[in-house]
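S.K.: Please work out how this folds:
(one chain, ligands or ions: 1)
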Amino acid sequence: MKILKVFTLSALMFCCVACNSGKSQLEKIEVVFQEDSLKFSEPQKIFISELIHISEKEVRNVLPNLPDSIKVIVERVNWDLDRVGGVTGRTERNSPPTIAIQLSNSFRRGIVDSLELGIRSTVFHEFHHLARGWAIYDNKFGYGIPNAMVNEGLAVVFAEIYTGYISDANAFTDEADSWVKEILDLPLDASYNKWVMGKHPDGRTSIGYRAGNYLIRKAMKTSGKSVVELSALKPIEIISLAGY
Ligand SMILES: [Zn+2]
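M.R.: Okay, the predicted model is just below:
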């Protein structure tokens, strides 16, 4: 496996002009391109790095508890990610703070510029998880699909509001109210793949994301709180604010 670390010239310049806190912008974000089979060109790396650095600054402005020294692993994959704008991601660890994003090589014939919205939206989503401590390997939350529904819902709504990018994959219908109730009744060991991100045997997809999107918007409406204000609360408090 070949891993290239890329610190772009633009990032250096960005640091020089924008960093007056005494802490270098480079210390806050490290972009690593993982090129197992599919490579990135140098201009693509610069484009992606700049997008990530700009997104990080925007997220930190509204979520100041976003950890420092975040590692962002960027990978090019042959997966079909059309339904999510050609980009997906995951928050791997809180310590050291690490996220990974995968860019589809097949989305709009592999033109990386067309992934701009998807990259921004994914970075906002995963950084929101980091700010709350919702990570795969050292998660700060307990088991259970309700916690996943709340944390994914918060990240979906946060990314939609702050980037303007809305994915059909996270959309909900009037049925979402009963989906939330279904999730709240699930046993602690219910299948994550079936109930949160994968496909349920009855044909529904991404139930936790869609129900979470609905739940957070309902909690915002009933409490008058913003998604950032809700993001400081525990899942049980948010579920209660939404009226469940
Ligand atoms: Zn997520």
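
S.K.: can you confirm F124 is in a strand?
M.R.: No. Assessed with DSSP: H, G, I helix; E, B strand; the rest coil, F124 is helix; it does not lie in a strand.

S.K.: Local confidence estimate at the closest residue to it other than its chain neighbours?
M.R.: Using C-beta to C-beta, 6 or more residues apart in numbering and skipping residues adjacent in sequence, the residue nearest F124 is A159, 4.1 Å away. C-beta: built from backbone N, CA, C; applies to glycine. With respect to pLDDT, A159 scores 98.

S.K.: What of S10?
M.R.: pLDDT recorded at S10 is 42.

S.K.: Am I right that the residue nearest to F124 is in contact with H129?
M.R.: No. Counting by C-beta atoms under 8 Å, A159 stays clear of H129, with 10.5 Å between them.

S.K.: who has more neighbours, those two?
M.R.: Set A159 next to H129 and count neighbours by other C-beta atoms under 10 Å: A159 wins out with 26 against 23.

S.K.: can you tell me which residues contact the more buried one?
M.R.: S121, T122, F124, H125, H128, Y165 (C-beta atoms under 8 Å, 6 or more residues apart in numbering).

S.K.: Quickly note the distance from it to the ion.
M.R.: To the ion, A159 is 9 Å away according to C-beta to the ion, to the nearest Å.

S.K.: Ok, F33 next?
M.R.: 22 Å.

S.K.: other SSEs contacting the host helix or strand of that residue?
M.R.: Per DSSP states H and E: F33 is located in strand 29-34. With contacts defined as 3 or more C-beta pairs under 8 Å, 6 or more residues apart in numbering; DSSP states H and E, the packing partners of strand 29-34 are strand 3-5, helix 42-62, strand 70-77.

S.K.: So for the second one, what gets flagged as buried?
M.R.: Buried residues in helix 42-62, counted by 16 or more other C-beta atoms under 10 Å: 44-49, 51-53, 55-56, 58-60, 62.

S.K.: Stretch 181-198 and the ion, any residue contact?
M.R.: No. Using C-beta under 5 Å from the ion, stretch 181-198 stays clear of the ion, with a minimum separation of 8.1 Å.

S.K.: First residue to last residue on that stretch, what's the distance there?
M.R.: One end of stretch 181-198 sits 19 Å from the other (C-alpha to C-alpha, to the nearest Å).

S.K.: quick revisit: quick check: the farthest pair among the contacts of A159?
M.R.: Greatest spacing in these, by C-beta to C-beta: H128 and Y165 (13.8 Å).

S.K.: For stretch 129-139, which outside residues touch it?
M.R.: Applying C-beta under 8 Å, 6+ apart, the set of residues contacting stretch 129-139 is 59, 63, 65-67, 70, 90-95, 97, 99, 140-141, 151, 154-155, 231.

S.K.: And that stretch, how far out from the chain middle?
M.R.: 11 Å (C-alpha atoms, centre = their mean, to the nearest Å).

S.K.: just the helices in this protein please.
M.R.: Under the criterion DSSP state H, helices of the chain are mapped to 9-18, 25-28, 42-62, 116-132, 145-163, 176-184, 192, 207-223, 227-230, 235-241.

S.K.: so where's the protein uncertain?
M.R.: 1-27, 110 (pLDDT under 70).

S.K.: Those residues of it touching the ion, which are they?
M.R.: So far as C-beta under 5 Å from the ion goes, the chain lies against the ion at E152, A155.

S.K.: Domains in the protein, by residue range?
M.R.: 3-132, 145-241 (automatic domain parsing).

S.K.: Can you measure across the shortest one, start residue to end residue?
M.R.: Put plainly, it is domain 145-241. Note: domain 145-241 ends 18 Å apart using C-alpha to C-alpha.

S.K.: hmm, back to that, CA atoms only: put the strand holding F33 into PDB for me.
M.R.: Written as PDB, here are the backbone C-alpha positions of strand 29-34 (Å, rounded to 0.1, in the frame of the first residue of the first chain):
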ATOM      1  CA  ILE A  29      -5.700  19.100   9.200                       C
ATOM      2  CA  GLU A  30      -3.500  16.500   7.500                       C
ATOM      3  CA  VAL A  31      -4.800  15.300   4.200                       C
ATOM      4  CA  VAL A  32      -3.500  11.800   3.200                       C
ATOM      5  CA  PHE A  33      -4.200  10.400  -0.300                       C
ATOM      6  CA  GLN A  34      -4.500   6.600  -0.100                       C
END
